[in-house]
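A.B. asks: Pasting the sequence and the predicted model now:
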Amino acid sequence: MSVLDNDEYREFRRDLHRHPEPAWREFYTTARIVEALRERDLTALHVGPDALATEERLNVPDDDELAEWETQAREAGADPEILDQLAGGYTGCVAVVERGEGPVVGLRVDIDALPITESEEGDHVPAGEGFRSEHEGFMHACGHDAHATMGLGALDAVLDSDFAGTLKVFFQPGEEQVAGGKPMAESGHLDDVDYLYAVHVGLDHPSGEVVCGVEGFLAVRHLLAEFEGEPAHAGARPEQGRNAVQAMAAAVQNLYAIPRHADGPTRVNAGLVGGGTATNIIPEESHIEGELRGQTTELAEYMSDHADRILNSAAEMHDCEVEVSTLGEAPSATSDDALAGLVRESAGDVAGVTSIVDSDDLGGSEDATYLMNRVQERGGLACYLGVGTDHPGGHHTSDFDVVEDDISIGIDVIAGAIRRVAETRP
């Protein structure tokens, strides 16, 4: 397969789109990627636990849920040998190509999906053309199927070039839960990377537009607070209860009251809350699943410190206990101008690119920042680039889709930027 085989890349992307899988459950997705990579002339291929710092994984589902998704992947035709390597939810892989003396260049693409029910409307291309999600309640609503395809295509283009150096492509699990970036960053496979690119499709940029260096990554922490009180009859003996929902409600109100900060924007959201069993029972259990963000890692830590204090104080106020755990997190990051400049040069040579934007703010969070920071802390350079596409719905919506021709644009831009790194070593 070469960069010219657009129909093959389209079919690969559609296969992934039909089988969306969330964090640590990307069994079919990883297996399908590994199958494709084994057809390439690679120097090394690290799969599952060999691709991750396994002790750094967060928010891993229980064994029963993992087994259910693994069985589903087997029934869909995933290679059983590869699935055995992924047992326990150790998804993702790293492909390595060594081509003599030269820099070590990394490319990070994410592979997971979201818990969203995909549109069945006829004007939604995946539904109309028969590759809508087969996993009801889950879909590729953020383009990670396109990202994985770009990673494969960029690898092909580099293999088909006179690139001198080493290329590592990181097919990362668990981005949507900001749970997979750190395990891959701490795996050791980044430790010799001199230059790193990461990519995202869309981001409200139209088809034909390339963003050379994305900025504005908000540091983030996803948390779960589980309150425990004591039940009682709400009519006959309310004084005997310890109301976990009252504690949760007090916490929610005060989380939103965390003072803003002079150093930059901050965010808080109690996205999922619940508790109780019946109207006539004092609730003994409740929970908050929420997130905290900051323009910088330090601001996110400020929000996190206040949140922990508030959650514990709310529990104490209502004579309850609370257990607070981190489900996912990611720091902030910046793109290096030198690598962004090479993206601009590459984009200028790619057919179909009609507009080039030097930088734009993400306005959200991304755990590619772990990989970016890892490379930069060791003296290397990193850059996050955007490939525009006319997505009909916003990201994380039921009718999100990508224009498939834009995948080829992304492949060419990425591959060109990687080759330029080897040629110029900025």
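C.D. replies: Cool, the structure landed.

A.B. asks: What ranges does the stretch 201-350 of the chain have for its helices?
C.D. replies: Here the stretch 201-350 of the chain has its helices, by DSSP state H, counting those that start in this stretch, at 244-255, 297-317, 337-348.

A.B. asks: Show the subsequent helix or strand relative to the last one.
C.D. replies: Next helix or strand after helix 337-348 toward the C-terminus (DSSP states H and E): strand 355-361.

A.B. asks: orientation of that next one relative to helix 337-348 in degrees?
C.D. replies: 150 degrees (axes from the mean of the first three to the mean of the last three CA atoms, to 10 degrees).

A.B. asks: ok now strand 355-361, how far from the chain's centre?
C.D. replies: 21 Å (CA atoms, centre = their mean, to the nearest Å).

A.B. asks: tell me what the next helix or strand after it is packed against?
C.D. replies: Scanning forward in sequence from strand 355-361 by DSSP H and E, the next helix or strand is helix 368-377. Counting contacts by 3 or more CB pairs under 8 Å, 6 or more residues apart in numbering; DSSP states H and E, helix 368-377 packs against strand 104-110, strand 165-172, helix 181-185, strand 195-201, strand 381-387. Where C-beta positions appear, they are placed from N, C-alpha and C, glycine not excepted.

A.B. asks: can I get the helices of the stretch 201-350 of the chain in TSV with mean neighbour count, mean pLDDT and distance to residue 159?
C.D. replies: Converted to TSV, the helices of the stretch 201-350 of the chain look like this (neighbours: other CB atoms under 10 Å; pLDDT from 0 to 100; distance: least, CB to CB, whole Å):
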stretch	mean neighbour count	mean pLDDT	distance to residue 159
helix 244-255	22	98	50
helix 297-317	19	98	37
helix 337-348	20	98	17
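
A.B. asks: sorry, back to before: looking at the helices and strands packed on helix 368-377, spot the one closest to residue 346.
C.D. replies: strand 381-387 (9.3 Å; CB to CB).

A.B. asks: Partner strands of that closest one and their direction?
C.D. replies: Strand 381-387 has the following strand partners under DSSP bridges: strand 195-201 (parallel), strand 209-215 (antiparallel).

A.B. asks: how big is the angle separating it from helix 368-377?
C.D. replies: Strand 381-387 runs at 150 degrees relative to helix 368-377, counting by the same axes, to 10 degrees.

A.B. asks: Next, the angle strand 104-110 makes with strand 381-387.
C.D. replies: With the same axes, to 10 degrees defining the directions, strand 381-387 sits at 40 degrees from strand 104-110.

A.B. asks: How far off centre is strand 381-387?
C.D. replies: Remark: strand 381-387 is offset 15 Å from the chain centroid, using CA atoms, centre = their mean.

A.B. asks: Next secondary structure element downstream of it?
C.D. replies: Strand 381-387 is succeeded, C-terminally, by helix 405-424 (DSSP H and E).

A.B. asks: rewinding a little: right, and the helices of the stretch 201-350 of the chain - which one's nearest residue 109?
C.D. replies: The closest of the helices of the stretch 201-350 of the chain to residue 109 is helix 337-348. By CB to CB, the value is 15.3 Å.

A.B. asks: Would you mind finding the most buried of the strands paired with strand 381-387?
C.D. replies: Highest mean neighbour count among the strands paired with strand 381-387 (mean count of other CB atoms under 10 Å): strand 195-201, with a mean of 27.

A.B. asks: And the contacts of that strand?
C.D. replies: Contact with strand 195-201 is made by 103-109, 143, 146-147, 150, 190, 214, 339, 343, 366, 368, 371-372, 375, 380-389, 391, 402, 406-407, 410, 414, 417-418, 421, 426, as judged by CB atoms under 8 Å, 6 or more residues apart in numbering.

A.B. asks: rerun that using 6 Å as the cut-off
C.D. replies: The contact list for strand 195-201, computed with CB atoms under 6 Å, 6 or more residues apart in numbering, reads 105-108, 143, 146, 368, 375, 380-387, 389, 402, 421.
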